[in-house]
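*Asks:* fold the following, please.
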Amino acid sequence: MAHEVRIIDTRKIPSADAARVGKSDYVVTYQVDGLRTHYVILPQEAPSDAQIQSAIKAEEKARGALVGKAFTID
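*Replies:* From the prediction side, this is the model:
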């Protein structure tokens, strides 16, 4: 099922990954169908549009696999 995705904001931030000390990551905040807001972090300083779209697709696919699941915890 196709969803409209709108990029709300992009930010370059210092990487929190110990292996990337001194480098930057790129945070992309996006909205799906005007209702749900999420973000992805890309471990690079200036990702291409294709890399951003790929990261969002992967994130949404992973999120979709969990939506609707129910379980009980003790």
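
*Asks:* correct me, but Val27 touches Gln44?
*Replies:* No: Val27 is not in contact with Gln44 according to C-beta atoms under 8 Å; the separation is 11.5 Å. Backbone N, C-alpha and C define where each C-beta goes, glycine included.

*Asks:* just the helices in the chain please.
*Replies:* Across the chain, reading from the start of the chain, the helices by DSSP state H fall at 49-66.

*Asks:* for it, which residues score under the pLDDT cut-off?
*Replies:* Low-confidence regions of the chain, defined here as pLDDT under 70, cover residues 1.

*Asks:* strands along that one, start to end?
*Replies:* When assigned using DSSP state E, the strands of the chain occupy the ranges 5-14, 24-32, 36-42.

*Asks:* make TSV out of those and add mean neighbour count and distance to Ile73.
*Replies:* Shown next, in TSV, are the strands of the chain (neighbours: other C-beta atoms under 10 Å; distance: least, C-beta to C-beta, whole Å):
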stretch	mean neighbour count	distance to Ile73
strand 5-14	12	32
strand 24-32	17	27
strand 36-42	15	24
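
*Asks:* let's have those strands in JSON lines, adding distance to Lys61.
*Replies:* Written out in JSON lines, the entries for the strands of the chain read as follows (distance: least, C-beta to C-beta, whole Å):
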{"stretch": "strand 5-14", "distance to Lys61": "13"}
{"stretch": "strand 24-32", "distance to Lys61": "12"}
{"stretch": "strand 36-42", "distance to Lys61": "12"}
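
*Asks:* His38: what's it in contact with?
*Replies:* His38 sits next to Thr29, Tyr30, Gln31, Val32, Glu59, Glu60, Arg63 when contact means C-beta atoms under 8 Å, 6 or more residues apart in numbering.

*Asks:* what's across from it in the sheet?
*Replies:* The residues listed as beta-bridge partners of His38 by DSSP bridges are Tyr30.

*Asks:* that'll do, ta.
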